[in-house]
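In: What would the 3D arrangement of this be:
(chains A and B)
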Amino acid sequence: DAGVTQSPTHLIKTRGQQVTLRCSPKSGHDTVSWYQQALGQGPQFIFQYYEEEERQRGNFPDRFSGHQFPNYSSELNVNALLLGDSALYLCASSALTGGLTGELFFGEGSRLTVL
Amino acid sequence: KQEVTQIPAALSVPEGENLVLNCSFTDSAIYNLQWFRQDPGKGLTSLLLIQSSQREQTSGRLNASLDKSSGRSTLYIAASQPGDSATYLCAVKRAGSARQLTFGSGTQLTVLP
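Out: So this is what the prediction gives:
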């Protein structure tokens, strides 16, 4: 049973560029959340997708956007990259049938470096 | 706003010791609390999930407790091993904002052989 998979694992961009990160949820999961983790910090919630719609958003600017596909996979897009966007981006999946108390499972992350 | 604090930020112990990691949160209205392990540069591995109605959960050498009224959780690791070296993160799912986890900054644990 494949867990949460993310791609790419590492990427380097320059300021002002745009980036797309991808996530496939754990089998049987229908809800995908994205988190940003700066070095030495805990992850910060970006947003969550369910039924192809953004359901909740954290304190992130509109430069951060996402999408969920009918197969439950998801993309995170970041436009106009800033140096401060350098971080590990983590995808987490859960099953809505697990209710609001359901457990989250995380992928290995995508390490973004902005030069 | 929910805030999660983990103390200490770093901990170094000799192999074989029993140890306790602490997590505190400011808003006791939570659905659950989850403990994670993170190896350097890697993703998060879920260790234990405690629902708000539970007092503790156990998995192998790990035991997590939850005191919701005081806003505290502890992760107890028995007979520590060098392979336990990692950063341990706790996260709460707050009632009213149940779609997101709020994380602490973690405790970096080093178990010396």
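
In: For chain B, give me its nearest residue in chain A.
Out: Chain A approaches chain B most closely through residue A:42 (3.2 Å), counting by CB to the nearest CB. Yep, even glycine has a C-beta here, placed from its N, CA and C like the rest.

In: can I assume that residue is in contact with residue B:101?
Out: No. The criterion here is CB atoms under 8 Å, and residue A:42 misses it with residue B:101 at 9.2 Å.

In: neighbour-wise, which of these two wins?
Out: For residue A:42 versus residue B:101, the count of surrounding residues by other CB atoms under 10 Å in any protein chain shown is larger for residue B:101: 28 against 22.

In: Phi and psi next, for the closest residue in space to that one that isn't next to it in sequence.
Out: Nearest non-adjacent residue to residue B:101, counting by CB to CB, 6 or more residues apart in numbering or on different chains: residue B:91, 4.0 Å away. Residue B:91 has phi and psi values of phi -150, psi 140 when expressed as degrees, to the nearest 10.

In: ok, back up a step: give me the common contacts of residue A:42 and residue B:101.
Out: Common contacts of residue A:42 and residue B:101 (CB atoms under 8 Å, 6 or more residues apart in numbering or on different chains): residue B:91.

In: neighbours around the residue nearest to the residue of chain A closest to chain B when sequence neighbours are not counted, how many?
Out: Spatial nearest neighbour of residue A:42, excluding adjacent residues (CB to CB, 6+ apart): residue B:103 at 3.2 Å. Neighbourhood size, residue B:103 [other CB under 10 Å]: 23.

In: returning to that earlier point: tell me which residues form a beta bridge with the residue nearest to residue B:101?
Out: For residue B:91, the beta-bridge partners under DSSP bridges are residue B:34, residue B:103.
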